[in-house]
Each structure stands twice: as structure tokens, then as C-alpha cells.
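> Attaching a predicted model along with its sequence, questions to come.
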Amino acid sequence: MAKDFGKNRNQATVVTVSNAPRVLRNAIGGKDRADFLRFTLPVSSSFQANLSKLKANADLALLNSAGQVIGQSKRKGKRNEAITLPLQAGSYFLRITPGNAQDQTKYRLRLLAVPTVPAVPTNTAPLLATNSPLSLPKGTTAIFNGTQLKATDLEQNPSQLTYTVTRLPESGLLQLSGTRLAVGNTFTQTDIDTGRLSYSGLGRNQRLTNNNEFDTAPQVSGLNAVWSGVGGSDRGVDEEIFFFNGTTVTQLTTNGTLDLEPQISGNNVVWFGAGGSDGGVDEEIFFFNGTTVTQLTTNNTGEFYPQVSGNNIVWLGIGGSDGGTDTELFFFNGTTVTQLTSNSNDDGFPEISGSNITWSSVGGSDGGTDTELFFFNGTTVTQLTTNNTPDINSRISGNNVVWYGRGGSDGGADNEIFFFNGSTVTQLTTNNTDDIDPQISGNNVVWAGRGGSDGGVDTEIFFFNGAIVTQLTTNNTFDSRPEISGTNIAWFGAGGSDGGTDTEIFFFNGSTVSQLTSNMFDDFPVQISGSNLIWRSFFSSGNPEIFLSNMATNDSFGFTLADGAGGVTNGMFNLNLV
């Protein structure tokens, strides 16, 4: 017989109860009026106690740490007793007693405690119950509410449902309480329900300047634009730099020296200006990062023709490390300036896309006097052309480069278009007329060429979509200086629907050509970013003004919707611009 168990809670025999069954044997009755056992559960468990092999009546009770009965089995006679209960972690007592004073019996006690895994609260992802396109006239503002964009969730309330912007609209501003949102910014369903989220679209033929000064060299990137103009807030006769952020025009420079040829990429702007912090008469390079203007060069030689892509900038500078009088290329990667070329030849007209750069230079590996083209992929410089004819006006998009050069496979004296896809050069045109002014966006190329299908002497616009060449214009007037963004193309041409002799702006949206301007004033040149066009117009006063126009018929923004408890839904909201 096992040692007798304790007779009360203070004397209770300590036993271990686990998920391995534990069997104990003992006896009760006579002078032994109660057996007490004490056990501790480290975690919540499903507890079982079975009292069997009885020769007389006995009862079983389960007590908590305070001695209160929380479970018991009191069946009559010699029938087995059992207790099954879910128990939290903690200490407990078992009590075995005779059914009646005269009852005496041996017993078998089987104990088991199986830990239970707490039920993980279920969480459902938020549901986009409503995602209906919003229609608005161009150049107007629309306020969102739950009838256009509504998310619901079984567990979370609207203030806990958070939208994170993953892609911005291209033809308008997404704003929260009047503040422009950027990728990564957030708003909630409550913000939508209470009218704090809005979209303000760019207008058609929106006039950005209204003065009697000379505004020129407009450039556009997304909703942002930049140009140079005479005068400004100091009313000087020099040119200053002006920046439009989609809503407001800001003058970036205020000085008595010329600031010229601004270029833009996103919020970043670069230009060259005379003087600078050293007070010299030479030109220096200046960089605006959306907040602050920084002077990138400080020397006594000229720097000019800057180009920008993201935080990367390239420009031309006289001299460089070899102290020569020729122009060299300089590259700023957002942190450090590096001199890319060091030779005795003039390097000219760099273009940049990411960290890839192309430019022209006299000579090259064949030592000729004609201009050759070079390509820098962020690490290595490669000479793209080696011949004895001029190759000029190179443009770059990613690893792709396009340019025009004399001769080509037919050996003619006219200019042809050439395309480099990152590994191979292809001649896109083969004819006996001049093809000039190529521009590139991805695999898409546009240029102006004489003649075309009508055999005229005027220039027409041609489009290469990576596979075939399409002639976009067929008329007897000059169409010039095409620009491209994706499959959207803009150019200026004489005449138009009003038959005038002035130049008008034309737009190709990938399928259809439309005339954007129709007036008696010269509109040129034009630049394009997505569906946004910018140009200068010699409007009434004789001095050019800057105009911006959005040609899109729809817009959208992307988002992720999260409930803060692991549930995430991706979405896109569409807008119709009418």
C-alpha cells in the first residue's frame, strides 16, 4: 500500500499532473476520513480525474487554491467517479472522501492534464464594399465620401482602417485636408467619410504666367514644371528660375545674374547661373531638391547644359582635372561629383536616365574630326559609333539610346535615325531625306523626317513603337520638335485647323492625333510628361507666356488598405476626367 495521502489542504500530498496519464492507488475510510492531493498546472489545460476500482462508495471533489469546490462527482454505490473540466494555469486540490461514515475502500486514481492552445482570435481582411469611379471636369476639385470609396471590416471601425498611397495620380493632386499626399502617406476611412480627402485635377490650357516679361525654356515632370523668366520679384532684367508644384508658382532664384536652362525630374530641378557664392562671372550649377537650393560647383570656369534624372545630374564644364580648354563631363550621384571624361576633345550635350548617360564627342577611338556617341552605364564608358560622319542629338531612356547620323547603310548624305537597345545598334530609317530630332521613351521612338508618304519637302512626324514605324502626320506644312512620354507624343506644326501661318501644338495619345491649340499666336516648343504638356505661347503682348495642359481622360491612384490587425487589401481608385 502506498503511503497515505495528506488529511487536509495544509498536509496535501503534492503530485505532478501532465499530459502523460498518472495513476495513483490508496485507500479511504475508517479513521482515514479524507485524502488530499495538491497539483499545479503551468498552462491552461483540459483536466481529467477518474476514481475507480471501488469496493464501497467514495466521492471525488476538485478545489481551487482557496479551498472552494469547483467540481465534484458523488455517484451512489461503487460506481466510478469522474471530473472533467477546463482549468486555467494555477494550483488546485483533489479531495477523496468515503460516501458514508462506515464505507471503507481501496481506490485507483487516474489523472491527466492536456494543455490547450488558446484560440487565436480570427481577423478578416478589410473589404472594399464600394470602389466606384469618380467623374469630374478637368481642372476642378472633387471631394471624396463613402459613396465612392468605402471599406468595411468585421472587427475594426472606420478610424482603424488605414489607406497607404502606393501610386500617385498623374493628372491631379491627391490631398488630405488640403495637404498634398505623397507615396507612403496615409488616410483613414473616417477621413473619407468626413470629406477630408480630395482630388484636384490639372486643367486644359492652364496659364502659369501672366506678365509682360520673357518666359522661356519650360520643362515638365509629372505635375511639376519649371522655366526661366525675366524679372521676377526683384524686377531685374536678368532671368530667374520659377517652379510650379501643381498648385503654386515659386521663384527659386532672386539675384542680378542670369539663371538659365532649367531641367526637372520629379521635385528636383537643376540649372546653371552666373556668379554663385564665389562671385565670379563664370557659370555654376545649382540644384533644388524640392526644398533647398544647393550650389554644386564653385570654380572660375564655365559649367552649363545640366541634365537631371532623380537625384543624378550631369553637366558640361570647361577644363576639369587636366586643366584644358575643352569641355568635359561631370556627374553628380546625389552625393559626390565625378569627372567622367578627361581628354582634349570637346564633349557635348549629355543626356541622362537614372545613372545611364549618353553624349557626343569629337574624335573617339578612330581619331577622326567627326562627332561620335558614347554611353555610360553607371560603371563603364562605351563608344556607340565609330565612323567618319557626324552622329548627334542622342537621347536616352533606361539602357536605350537614339540619335541621328549621316549616311547609314545606304551611304547617302542625308541623316538617318539609329537605335541602341543596350546591346545592339539598329538603323530605323533608310531613305534619301533627312530624319532628325529623335526622342525616346522606353522602346518607343519619335522623330521628324522630310517627305514621308506624300513626298513633300516639309517635315512629318514618325513613330516607332519598338516594332513598326508609323507616320503620324501627312500634310504640306512643317511639323517639328516631337517629344514623347510612353506612347504619348506632342509636337508643334504650322497651320493646323485654322489654316494660319502660326505654329500650333498637336498631341498623339497612342491612337489619335488632336490639335491642342488653335489661335493666331506661335505656340512652341512643347515638352511632355505622361499626359501633361507644357509650352510657351507668344500670347497677345508679344512676350511668351507659359501654358500647361492635361490631356488625360482618366486618372487613378493605388493604395493598400490595412486594419491594423494583419488584414490587408490592395486596391486602385479610378477617376474619369471629362
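Right, received. Where do you want to start? All of these numbers come straight from a predicted model, not from anything done at the bench.
> Quick one: end-to-end length of stretch 537-546, please.
Using Cα to Cα, to the nearest Å, the end-to-end distance of stretch 537-546 comes to 6 Å.
> mind listing what's buried in that stretch?
Ser537, Phe538, Phe539, Asn543, Pro544, Glu545, Ile546 (16 or more other Cβ atoms under 10 Å). All C-beta atoms are positioned from the backbone trio N, CA, C, and that covers glycine.
> who's in contact with stretch 133-142?
144, 148, 198-204, 206, 550, 573-578 (Cβ atoms under 8 Å, 6 or more residues apart in numbering).
> Among the residues you listed, the buried ones, what's the ChimeraX command?
Here is the ChimeraX command that selects the buried residues among these (16+ other Cβ under 10 Å):
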select :144,148,198,199,200,201,202,204,206,550,573,575,577
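> Can you flag which of the contacts of stretch 133-142 belong to strands?
Applying DSSP state E to these, the entries found in strands are Ser198, Tyr199, Ser200, Gly201, Gln206, Asn550, Phe573, Asn574, Leu575, Asn576, Leu577.
> any idea which of those is closest to Pro121?
Nearest to Pro121 among those, counting by Cβ to Cβ, is Phe573 at 30.5 Å.
> Please list all residues in contact with that closest one.
Per Cβ under 8 Å, 6+ apart, neighbours of Phe573: Asn131, Pro133, Leu134, Gln148, Leu149, Ser556, Phe557, Phe559.
> again, but for Gly412
Arg406, Asn431, Asn432.
> helix, strand or coil for the residue lying farthest from the centre of the chain?
Most distant from the centre of the chain: Gln102, at 85.5 Å, with distances by Cα atoms, centre = their mean. Under DSSP: H, G, I helix; E, B strand; the rest coil, Gln102 falls in the coil class.
> Can you tell me how far it is from Leu109?
Gln102 is 22 Å from Leu109, where distance means Cβ to Cβ, to the nearest Å.
> so Glu284 bridges to which residues?
For Glu284, the beta-bridge partners are Gly273 (DSSP bridges).
> How about the one 10 residues further on?
Note on Thr294: beta-bridge partners by DSSP bridges are Phe287.
> now Ser549
Under DSSP bridges, the beta-bridge partners of Ser549 are Leu533.
> Surely it touches Gly530?
No. Look at Ser549 against Gly530 with Cβ atoms under 8 Å: they stay out of range, at 11.9 Å.
> In terms of neighbours, single out the busier of the two.
Comparing Ser549 with Gly530 by other Cβ atoms under 10 Å, the one with more neighbours is Ser549, at 24 against 18.
> Please report how far that one lies from Phe286.
Taking Cβ to Cβ, one finds Ser549 at 28 Å from Phe286.
> Equivalent analysis for Glu170, please.
Going from Glu170 to Phe286 by Cβ to Cβ gives 28 Å.
> and the helix or strand where Gln439 lies, how far from the chain's centre?
Assigned by DSSP states H and E, Gln439 belongs to strand 435-441. Relative to its parent chain, strand 435-441 has a centroid offset of 28 Å by Cα atoms, centre = their mean, to the nearest Å.
> With stretch 433-442 instead?
The answer for stretch 433-442 is 30 Å, by Cα atoms, centre = their mean.
> hang on, the earlier thing: what's the PyMOL line that selects buried ones from the contacts of Phe573?
Restricted to buried positions by 16+ other Cβ under 10 Å, the PyMOL selection for the contacts of Phe573 reads:
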select buried, resi 134+148+149+557+559
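> Please flag which of the contacts of Phe573 sit within helices.
Among the contacts of Phe573, DSSP state H puts none in helices.
> Run a quick check on Gly246 versus Arg180, I expect a contact.
Yes. With contact defined as Cβ under 8 Å, Gly246 counts as touching Arg180 (7.1 Å).
> buried ones in the host helix or strand of Leu112?
Using DSSP H and E, Leu112 sits within strand 104-115. Neighbour-count burial for strand 104-115 flags Thr105, Tyr107, Leu109, Leu111, Leu112, Ala113 (criterion: 16+ other Cβ under 10 Å).
> Using CSV, lay out the residues you listed together with pLDDT.
Compiled in CSV, the buried residues of strand 104-115 are given as follows (pLDDT from 0 to 100):
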residue, pLDDT
Thr105, 95
Tyr107, 95
Leu109, 97
Leu111, 97
Leu112, 97
Ala113, 97
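> Mind splitting the protein into its structural domains?
Under automatic domain parsing, the residue ranges defining each domain of the chain are 13-115, 127-203+556-577.
> of all the ones you listed, which lies closest to Thr253?
Each of the domains of the chain has some distance to Thr253 by Cβ to Cβ; the shortest is domain 127-203+556-577, at 23.2 Å.
> ends of the closest one, how far apart?
Domain 127-203+556-577 has its terminal residues 27 Å apart, counting by Cα to Cα.
> Give the rounded mean pLDDT of that domain.
The pLDDT scores in domain 127-203+556-577 average 96.
> rewinding a little: will you turn the ones in strands among the contacts of stretch 133-142 into a markdown table that also has distance to Asn80?
Conversion of these to a markdown table gives the following (distance: Cβ to Cβ, whole Å):
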| residue | distance to Asn80 |
| --- | --- |
| Ser198 | 74 |
| Tyr199 | 74 |
| Ser200 | 79 |
| Gly201 | 80 |
| Gln206 | 90 |
| Asn550 | 85 |
| Phe573 | 67 |
| Asn574 | 70 |
| Leu575 | 74 |
| Asn576 | 76 |
| Leu577 | 80 |
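> the helices in the stretch 101-250 of the chain, which residues?
Assigned by DSSP state H, counting those that start in this stretch, the helices in the stretch 101-250 of the chain fall at 189-193.
> Looking at Glu170 and Phe286, which is more packed in?
Remark: of Glu170 and Phe286, Phe286 carries more neighbours, 23 against 18, as counted by other Cβ under 10 Å.
> As JSON lines, the domains of the chain with distance to Thr517 would be great.
Listed next are these as JSON lines, based on distance: least, Cβ to Cβ, whole Å:
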{"stretch": "domain 13-115", "distance to Thr517": "77"}
{"stretch": "domain 127-203+556-577", "distance to Thr517": "14"}
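> Ala448 is nearest to which of the ones you listed?
Proximity to Ala448 (Cβ to Cβ) singles out domain 127-203+556-577 among those, at 26.5 Å.
> would you list every one of the strands in the stretch 51-200 of the chain?
Counting by DSSP state E, counting those that start in this stretch, the stretch 51-200 of the chain has strands at residues 58-64, 69-73, 81-87, 90-98, 104-115, 127-131, 134-136, 141-143, 149-152, 162-167, 172-176, 179-180, 186-188, 197-201.
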